[in-house]
Structures are given as C-alpha cells and as structure tokens.
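Participant: the following comprises the amino acid sequence and a computationally predicted model.
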Amino acid sequence: QSINKSKLGEGLQFIGADSSFSLKFSTRFQMLYQGAINNSAEQLDDRFLIRRARLEFEGFAYTPKLEYKIELGLSNSDIGNDDPARFNNADNIVLDAVAMWNFAPGWELWVGQTKLPGNRERIISSQKTQFVDRSLLNSRFNIDRDTGLQLHHTHTIGTAVVRESGSISMGEGRNITVDNAGGYDYTAKVEVMPLGEFEGGGAYVGSDIYREETPKLAIAAAYNFNDNASREGGQLGDFLVDERDLRTLFVDYMFKYRGFSSMAEYVSKTAPAGPVVLTSNEGQVEETFVTGNAFNIQAGYLFPSNWEIAGRYTTYNPEKVTNLRPQKQYTLGLTKYIVGHSLKVQSDVTLQDTPGTENTYLFRVQVEVAL
Amino acid sequence: QSINKSKLGEGLQFIGADSSFSLKFSTRFQMLYQGAINNSAEQLDDRFLIRRARLEFEGFAYTPKLEYKIELGLSNSDIGNDDPARFNNADNIVLDAVAMWNFAPGWELWVGQTKLPGNRERIISSQKTQFVDRSLLNSRFNIDRDTGLQLHHTHTIGTAVVRESGSISMGEGRNITVDNAGGYDYTAKVEVMPLGEFEGGGAYVGSDIYREETPKLAIAAAYNFNDNASREGGQLGDFLVDERDLRTLFVDYMFKYRGFSSMAEYVSKTAPAGPVVLTSNEGQVEETFVTGNAFNIQAGYLFPSNWEIAGRYTTYNPEKVTNLRPQKQYTLGLTKYIVGHSLKVQSDVTLQDTPGTENTYLFRVQVEVAL
Amino acid sequence: QSINKSKLGEGLQFIGADSSFSLKFSTRFQMLYQGAINNSAEQLDDRFLIRRARLEFEGFAYTPKLEYKIELGLSNSDIGNDDPARFNNADNIVLDAVAMWNFAPGWELWVGQTKLPGNRERIISSQKTQFVDRSLLNSRFNIDRDTGLQLHHTHTIGTAVVRESGSISMGEGRNITVDNAGGYDYTAKVEVMPLGEFEGGGAYVGSDIYREETPKLAIAAAYNFNDNASREGGQLGDFLVDERDLRTLFVDYMFKYRGFSSMAEYVSKTAPAGPVVLTSNEGQVEETFVTGNAFNIQAGYLFPSNWEIAGRYTTYNPEKVTNLRPQKQYTLGLTKYIVGHSLKVQSDVTLQDTPGTENTYLFRVQVEVAL
C-alpha cells in the first residue's frame, strides 16, 4: 500500500511532479431503506436500494486557475431517463463535466454541464444534506443541472462576502443530445454573507458540522427565466406536448452557530401563458408544467457527540389549475456523523399530509460512505 | 511513473496518511470467443465479445473494522435488463455496493447490495473460476445478488473453521428502484472447513493455484426462502404475472490438495404452490418459475507448469410441469495460469445433451486480464 | 496531495513495486457548442453538450511485452444504440478492451475490441483531431471498432518505416452480445513512412504540434472485406433487413514539416450485390447500405504562438442507387493549443453544400480537457 497524503472525506489526491495538473478522485455510495405506511392501512410499502453511487474526478489542469470537475452517477436511481430519443438512447451517467476558469481575481467562468446557481438545497451536495434526502420543495421546483456558461463573482464589502452569479444554458437539463428546444435558460443569483464566510464552505453544507464559533448567515435570491421550456419542471421531468416560458424565484438563507443550524427556502414558479398544455375531452389535466410555490424550513442541533436532531417543515402548493396535489410534510431527523458527511447514518420520519387523502408516514434510514 | 507498493493481481493500493481510509482499485476484463455446433449441422454459431469489464473499489473507511466495496459492471453482457420500469430505465451498472462492519471479533454485519450467501460457485468471483464460466447449475438456480442485510460469524472448533451466515433482503435482485414486490428473502448458510482454512481464501477460488500442502476441505449447506418471489429465478430473470414462494437448498463442497481440486454442488428449488403461473388456452406453459434440481461436479489438476486440465459434469432437471428442457453437460477444460487468476487463458469444450434434440458442442476460449 | 511523476496529458502513472504491472489512468471530456443556419432561414438550430467524456486505463501486465487498454465512453452521445436486442438492452460503454502482445520483435498480436486498422482519420484519437471533429468522409465510411484479432508488424527498409496490419473480426462493431451475424470481417493495411517515424507518433496526431524538424510523410492503404454485413455501415448504423458483402478501400497520407501539416483520404465502398435491400411499393429506397466514395483533404499551419489555422475540403458521393444525398463541405478551423491536445479550444465553420437544398453553415466551438 502506497501512502496518499489525504484523509477520509478528501478523496485520493495527486499532483503532477511539474505541478501541471492535479487530480482528486473520490467515490461514494448511499444505501437507503425507506418504508411508507398509511394511517389506516396495514400494508407497508418499502424498498432498500443503492440510492446513489458516484465517481468524482476533479482538480486543475495547466494552472490552478483552471479547474475541472467530472462527476458520474452509476446507480439506477441516478441515471435513468424515459425519453430515449432526446438522450441518444443512453443512460444519463454524466452529472458534472465542467471547466472553471478563474480568469481574474474574484471572477470565474464556468463552461460545461453542472448545477445552475439556483436554490441552496439543490446546490448542497446530496452527500451533505441534513436529512436523508432533500425536501419536497426541491424535488418539485429545483432547476437542477444544465449545459452552458456561468459567470461567478465573489467580493467583500466590509465583513460581508457577496457573490453574484449568472448563467445562460440550454434549458432542458443534463445530457440532452439533440438540438436545443425552445429558447435558452437564464439565471441570476445574488448571495450575501453579512457575517463573513462559513467554515469549510458551510453555507452549502447541511448541519453545523464545523461548529461555527461566531454566528454565520447567508442570504440568497435567485431568478430563473426558462424561455420556451419543454419539460414539466424546466430542466427535469417529462417532455410535454407544448412549450411555455417559466419564471422561477428562489429566496433562501442558511444560519449556523455552535452546532445549531437553520435553513429556509421559498420558491415561486409561474408560467405566464398558463401551465396546462393538454386537457382531455372531459376537462381533465393531462399534461402540465409544475407551477406554484413552496416553502421549506429546517433546523437542527449537533450535539458534541456528533449526534444531531433536526426538524423540517415543508409546504408545496401547486397552482390550482394544474390539478396537482398540494402537500405538507413534517420531518424529524436523527443523524450520527461518524466522520462528518463522509461516514454517517441518517434516519428520518416524515408525516405527509395531502388534503383529500389519508396521511402517510415515511421512514428512512441511510448509510453514507464517501472517500 | 510513481511506484505503487502492489503487484499484479492486487490492484493499485493506497492508504491515507492518517490511516483513516484505504482504497484498492482494480480493473479487469475478459475476452471471450465461443462457438456452438450441432452433431449434424454444418453451421457454426459463434461470437467474440468482451464478456466482462469491471472496475472495483474497495478498502476501509475510518477504521479497518469498517470495509466497503463497490464493483461496477461495464460490458453490455453484464449490465442489461429488460424490464425498464423496475430499474428506472437504466443500466444495471452497480454490482456490489456494500459496507461490511466487523463489530465484534468473528462477527460482521453487511449492509447494501452484494452476493447472497448462496452456492459456492456463485460466490467464487467470475475472475476465479476453473472453467471459462460457471456451470449450468449456477445459471439456472443461483440466488445472485440482492439488497439487504447480512450477518456473518466465523469461529473455530478445534482445527475446524466454522462460518454461519444469514441474510434478509428484498428478494428481487440487484438495482431494483421500485417498492419491494411480494415479501422479503431469507438465507441461512453454514460452512465447515474441518481441516482448517484454505490458503488465500481458496475455498472460494477455482483450481488449487496455491497448491495446498495438506488436504483442505470445505462443506457448506445453504437454504433460501424467497417469500412471494416475482422473477422466474427469484433474484434473476423475467418478472412473471404472478408470485410464488420459492425454497432453495444448496449443498456443496470444495477440496484441494497439492494441485488437485474438486468441487461439487447440489441444488433443489421448489415452489410449493406450483411453479407455473401462466398457461395458454392450448395448455402450453407460458410463464413459469424455474424449479427442479441440478448437480454439478468438477475436478482438475494443476501441473507444476501452471497448465491445468479439468473436467466437469452437470445435470439440470427442471420440474416436469414447467416444461423446461432438462440437460446434461460434459465439459473438458484446459487453462494456462500465467499469473494466477489475474492473467490466464482458458478454454473448454462442452457436450450439451438435451433429450429430444441433437447434441450440441460448445467450445470457448477466454483471456482474462486483471490488475 | 501525493506527487505523481507525470505531467498534464500523460495521465496518472503507476508501476507496481515489483514491475509486474503498470497502470496509466486518464480522463478527458469535450464541451461542444454547435450551431447551424441556412442561407435564407432566420432560425438557428444549436446545441451545447458534453460531446465526449472518457475514462482510460492502460499499461502492461506481467511483462512490458503484454499491454492492455480499456477505454470507456460515458457521455450520452458516445454510448447509445438503438437495437437493444443485439446489445443486451444495455449502453455501449466499453470502447476499447484489448490486450496487445509483443510476441516477437516488431510483431504484435491484439485480442479484443478496438479500432480496426482502417482509415487514418478514424484511428487518430477524437482527442487529437485537427478540427472540432472528424470529417464527413469518416462518419459515412469508417470501419470503426470491432471485436477480434489483429496482427501488426513494423519494420524498417533503409530509412523507411513499414507497417503491415491485418485483422479478422466479427464485422458488426462494438459490444454486440449475440451470435455473429453473416460472416466475418477482414482487414489488411500497409503503411509506409519513407522519411522515418514522426515525432510522438505524429502520423496519428492531428496538427504538427511537435513541429517536425525534417519533412515526415506517411502513406497508407487499407482494404476491408465485410462478409455478409448486416449494418448499413458495416460496423456502424442500423441493422438492415438483408445482408450484403461490403468492400472498402482506403488510401490516405499524412505530411508534416515545421508546423505545417496536411492529411488526405480517399475511400470507396461497394456492395457487389447492390446496396439497396428494401424498396417501398412506390419504388422509394427504404433501407440501403451506405456505398459510394468520398475524399477529404485538409492542411493547417501551427504558428509559434500555438494558434493554428486549418482548412478542410470534403466530398461525399453516395452511389446514385442508394438515393442518399451527396454533399460537399468546406471547413475553416481555428485552434488554440494551450497544452497540446490535452487542453485546447477549437472552433470551425463549415459550409455544407448539398445539391438540391440550400447551403447550410455549421459553426462549432469545443473545449477539450484531458489529463
């Protein structure tokens, strides 16, 4: 065994002898058990699966100012798609493939496929969430990954750190191989951290695992305009029979102090021309964009023993005309961080309250192993 | 080129500078030529393909007591599936993704997706088989991989090494992304090695490549109960229109001494409610679980030159009611182990005797390259 | 970070402490923007995608005389196929999986799946092309990858280097998992470099990035006979309803001197029994093999600043009976090689002249990042 100057959670790290490149390799996987049960029902619906299995390659090429990242999804739940013609009949293995060029102090130009500068919960790696998985707000309204250009600018104003980001992308999400449908997608985002940077990039890490000595706050707002979107969620979901402009506004914050952390997000998505694109003869909605709003707030406390208790409340309010079902979720989570987010066991229980149907309880246990 | 303290067959090995993790990476592939010909027929049906191409990542995380393993299949013959809806429309790339916790001396708890503690031939890696590939017994009756929990206990009684294993899993095999169908799957296995451990884990390695100085024997029995199975083979094969409980009993042994090795297995699989689930109006069986029994015995001698001659006899007796065809196979194999199972050329000839049809001859040559 | 004795473009290189194996790992990806516009049309059809994302593992096993190579394609545009039954319902991830045995001085035997010894442009890695991508000649007529055996012989006659290659393969291209359709495929190739070897294997590298001090020339001719081919392009394209023998002749050269480089290819493909296999009642061609001829010539000059200007002219003349459309292409390319072919930005503009339709302009920009 050769010694690698790295430790668990940092991957395997190499640098070329002439410093012309670096490579950090890591792999991780999540084993998820989840069960769901009705209030009355006696039947348990459950599954146990490899939720995510990933390979990650990142580093710099030629100069530390030019970074690259390739992230691959390998588990079935990560890589499927159900519109083969637009994806060259292939699995969506590539998650990120992006070059990031630090062309001037504080400025970065990103080229390729990666997450858009959207809501905080989405940008937090699925490895670093406070609960077993992201919230209902995120699954319904996030703008995910896309292919295009991003410009990022970071500067300070007094003690405050300010970041502006903008992107222009294709608008149909990752791994599309055909010509761009409809127009492009535009995102703008501003984030302020009035009390300075978080430890270890913690504004985008679930739970206060670095135990901030002083209070830290991040507030962000992002706006996305998807010109003639063709998928029900913009970058995600089924392709629909017609296109619509989608406008999405995200507002969120992250707060951390001495083991306590809290995060909240609000999102509103609209399709000015109306979200519904196909209705049956009986007037039933057959195809619709997912519009409406959602709110998510969560908070947790990390005990010195690295056990954490956390709570989450989420509301999802689709526009009435879409005929989608609104839902409220109440989640209680318990996590043991053995080695931060690199080796942890997480569990949570969620009460799913959908008007007009019986309440459902969802319980999950997940083990994360990450180099 | 940086030096890695490893050698061919051991992969590339790294350990974190603080000993917080280790990673062994290896890759391997098999190039297979196979041809089949009838006794009378003049036509040769043949193919040449990359039979397997794999990437493997394993090591420990945090403590040597917590091991992980990820194995990925990449060749087409390894990763297809034909019921897209249950696999999220994605390839089955992930073979193993499992964490193994040595929580007390002699005890291990496994969580994730990996091979069940079933028949010996299945647990022997496809890299380490004595013939070009596993036997007909295995392809018809093995219980393959599944997702769930396994408990393993190893202890000694005098010179004898005893291993008990038990598992509870979902029962539909690897990479299912939908809710569990039917009930769970339960396996129990006992293995005894009365003459002590084999060299290099040889009880699960084909051929006596380590040339045991003293006779070594392993005897095992495993029992599997698949509650309401939905695939024709339990963990493998097509999903059928109805479910059945499946009961499978495996008995096997491995013996090795000074270059000689012998292995045999017997399996019996039953569906107490009857294996056939769909019959045509004309009384033809259209869908059935694969039940019945099979026997496989093989032996080989490894010459000092690392050439091996081996023979194999297999009978497969499906239950009459399934209307599946029984078959007998006689195989003669010739292998040159250049560097153990890491670099070898294997060939074999098989006479396939199926009552009611003409005999077929199958001949194969395979080259294995493994880091 | 551990130091690896390598530099950008050479991958991460390891050798076993006992010199029993070596492994070079590299990864690369291409981010491609391409747009097309008609002379009259106001509409722009464009796309931005991860064109290629690859992992590569190569080295030697046991002895430096036995080399192996595994190359994996991961991007959707690399791995799809649309005849699932012949590919085991799986993505075509494996590009190369081949062992190369230098069994005698000057001789190599290759076993497995890799590129056939066909036209120069195809053998040049997609990483090392002079333009954003290969020419129309190549996409219509190349013989791609296949599974089988290849024999290569290299020797010198005076200052001239001569290489003869021959292959026998299955004939349906990579990753087929079913029995061989039709007969085998045979290739023979001769290449002469009368002025000696190119720097850095430059006969198969686009652009004179090594700036040859003395003129270098390579001339090659290859002939391929695909006995009873079943895909429209032999190793590529749709499977057709009937089979045809295909005969393909390639002639090409590469010339390089002090930053100037030029390459040309001519190909002629015929199906003696006639390429058309299915015609509608109205006499329309519904299924045909792609036969005819094509010519491609290109040249470029690499300025001392590592900017290159290059031009390309391609004609594609399908046989009239196929009813496929002929096309002429005029391409002008501009490339900045930051670190050779490992970090470069390429762009090109192509005028596509198809008789009977309006001219189209295609413009592309591509960034390549390769370890």
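Facilitator: Looks like it came in fine.

Participant: residue ranges of the helices in the stretch 101-250 of chain A, please?
Facilitator: With DSSP state H, counting those that start in this stretch as the criterion, the stretch 101-250 of chain A has helices at A:120-123, A:136-141.

Participant: list the residues that contact A:F60.
Facilitator: A:21-22, A:66-68 (CB atoms under 8 Å, 6 or more residues apart in numbering or on different chains). C-beta: built from backbone N, CA, C; applies to glycine.

Participant: nearest to C:L12, of the helices of the stretch 101-250 of chain A?
Facilitator: Of all those, helix A:120-123 sits nearest to C:L12, with 29.0 Å by CB to CB.

Participant: residues of that closest one that come out buried?
Facilitator: Of the residues in helix A:120-123, A:120-123 count as buried by neighbour count, 16 or more other CB atoms under 10 Å in any protein chain shown.

Participant: which intervals of the stretch 201-350 of chain A have sub-threshold pLDDT?
Facilitator: Counting by pLDDT under 70, the stretch 201-350 of chain A contains no low-confidence range.

Participant: what residues does it have near chain B?
Facilitator: The stretch 201-350 of chain A has residues A:338-339, A:342-343 near chain B, with proximity defined as CB under 8 Å from any CB of the partner chain.

Participant: tell me if I'm right that A:R134 and A:I123 touch.
Facilitator: No - judged on CB atoms under 8 Å, A:R134 makes no contact with A:I123 at a distance of 10.5 Å.

Participant: hang on, A:S40 in a strand?
Facilitator: No - assessed with DSSP: H, G, I helix; E, B strand; the rest coil, A:S40 is coil; it does not lie in a strand.

Participant: burial of the residue nearest to it when sequence neighbours are not counted, as a residue count?
Facilitator: With CB to CB, 6 or more residues apart in numbering or on different chains as the criterion, A:S40 has its nearest non-adjacent residue at 6.2 Å, and that residue is A:E358. Per other CB atoms under 10 Å in any protein chain shown, the neighbour tally for A:E358 reads 11.

Participant: secondary structure class for A:E358?
Facilitator: coil.

Participant: that older thread, turn the buried residues of helix A:120-123 into JSON lines, including pLDDT and distance to A:D96.
Facilitator: Listed next are the buried residues of helix A:120-123 as JSON lines, based on pLDDT from 0 to 100; distance: CB to CB, whole Å:
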{"residue": "A:R120", "pLDDT": "98", "distance to A:D96": "18"}
{"residue": "A:E121", "pLDDT": "97", "distance to A:D96": "17"}
{"residue": "A:R122", "pLDDT": "98", "distance to A:D96": "13"}
{"residue": "A:I123", "pLDDT": "98", "distance to A:D96": "12"}
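
Participant: which of those residues sits closest to B:L49?
Facilitator: Each of the buried residues of helix A:120-123 was scored against B:L49 by CB to CB, and A:R122 proved nearest at 40.8 Å.

Participant: quick one: residues contacting the closest one.
Facilitator: Counted by CB under 8 Å, 6+ apart, A:R122 has contacts A:115, A:134, A:138, A:142-144.

Participant: likewise for A:S165?
Facilitator: A:S165 neighbours (CB under 8 Å, 6+ apart): A:117, A:150-153, A:187-191, A:222.

Participant: what's the ChimeraX syntax to select whichever of the residues you listed are buried?
Facilitator: To isolate the buried members of the contacts of A:S165 in ChimeraX, using 16+ other CB under 10 Å:
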select /A:117,150,151,152,187,189,190,191,222
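
Participant: could you dump the contacts of A:S165 to a markdown table with distance to chain C?
Facilitator: Conversion of the contacts of A:S165 to a markdown table gives the following (distance: CB to the nearest CB, whole Å):
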| residue | distance to chain C |
| --- | --- |
| A:P117 | 17 |
| A:Q150 | 12 |
| A:L151 | 15 |
| A:H152 | 17 |
| A:H153 | 21 |
| A:T187 | 15 |
| A:A188 | 19 |
| A:K189 | 20 |
| A:V190 | 25 |
| A:E191 | 25 |
| A:A222 | 21 |
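
Participant: so which of the contacts of A:S165 belong to strands?
Facilitator: In strands, judged by DSSP state E, the following of the contacts of A:S165 are found: A:150-153, A:187-191, A:222.

Participant: okay, the buried residues of helix A:120-123 in CSV with distance to B:V251 next?
Facilitator: Formatted as CSV, those follow (distance: CB to CB, whole Å):
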residue, distance to B:V251
A:R120, 57
A:E121, 53
A:R122, 53
A:I123, 55
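
Participant: from these, which single one is nearest chain B?
Facilitator: Among the buried residues of helix A:120-123, A:R122 lies closest to chain B (CB to the nearest CB), at 19.9 Å.

Participant: re earlier: which one of the contacts of A:R122 sits in the busiest neighbourhood?
Facilitator: Neighbour counts for those (other CB under 10 Å) peak at A:I143, which has 29 neighbours.

Participant: quick check: chain neighbours aside, which residue is closest to the residue in the stretch 201-350 of chain A positioned nearest to chain C?
Facilitator: Nearest residue of the stretch 201-350 of chain A to chain C, counting by CB to the nearest CB: A:N228, 12.9 Å away. The shortest distance from A:N228 to any non-neighbouring residue, by CB to CB, 6+ apart, is to A:G182 (2.7 Å).

Participant: which residues does the residue of the stretch 201-350 of chain A closest to chain C contact?
Facilitator: Taking CB under 8 Å, 6+ apart, we find A:N228 in contact with A:171, A:181-183, A:243-245.

Participant: quick check: the farthest pair among these?
Facilitator: The span of the contacts of A:N228, defined through CB to CB, is set by A:A181 and A:D245 at 13.1 Å.

Participant: so A:L371 touches A:F29, yeah?
Facilitator: No - counting by CB under 8 Å, A:L371 does not reach A:F29; the two are 10.2 Å apart.

Participant: what's the residue nearest to A:S40 sitting at in phi/psi?
Facilitator: As for A:E358, its main-chain torsions (degrees, to the nearest 10) stand at phi -70, psi 150.

Participant: could you do A:E319 as well?
Facilitator: Dihedral angles (degrees, to the nearest 10) for A:E319: phi -60, psi 140.

Participant: so how far is A:F289 from it?
Facilitator: Distance, A:E319 to A:F289, using CB to CB, to the nearest Å: 9 Å.

Participant: those two: which is more packed in?
Facilitator: A:F289 (30 against 20).

Participant: now do the phi/psi pair for the closest residue to that one other than its chain neighbours.
Facilitator: Nearest residue to A:F289, sequence neighbours excluded (CB to CB, 6+ apart): A:P275, at 4.0 Å. When read as degrees, to the nearest 10, the backbone of A:P275 gives phi -80, psi -20.

Participant: what about the stretch 1-150 of chain A, any weak spots by pLDDT?
Facilitator: When residues are selected by pLDDT under 70, those of the stretch 1-150 of chain A lie in A:41.

Participant: what does it put close to chain C?
Facilitator: A:2-6, A:13-18, A:20-23, A:57, A:59, A:61-62, A:66, A:68, A:70, A:72, A:84, A:87-94, A:97-99, A:111-113, A:147-148.

Participant: which ones among the contacts of A:R122 map onto strands?
Facilitator: By the criterion of DSSP E, membership of those in strands covers A:K115.

Participant: of all the contacts of A:R122, which two lie farthest apart?
Facilitator: Greatest spatial distance among the contacts of A:R122 (CB to CB): A:R134 and A:I143, at 13.2 Å.

Participant: beta partners for A:L217?
Facilitator: Counting by DSSP bridges, A:L217 is bridged to A:F255.

Participant: list the contacts of it.
Facilitator: Taking CB under 8 Å, 6+ apart as the test, what A:L217 contacts is A:193-195, A:253-255.

Participant: got it, and A:Q298?
Facilitator: Neighbouring residues of A:Q298 by CB under 8 Å, 6+ apart: A:130-131, A:135, A:262-264, A:310-313, A:331.
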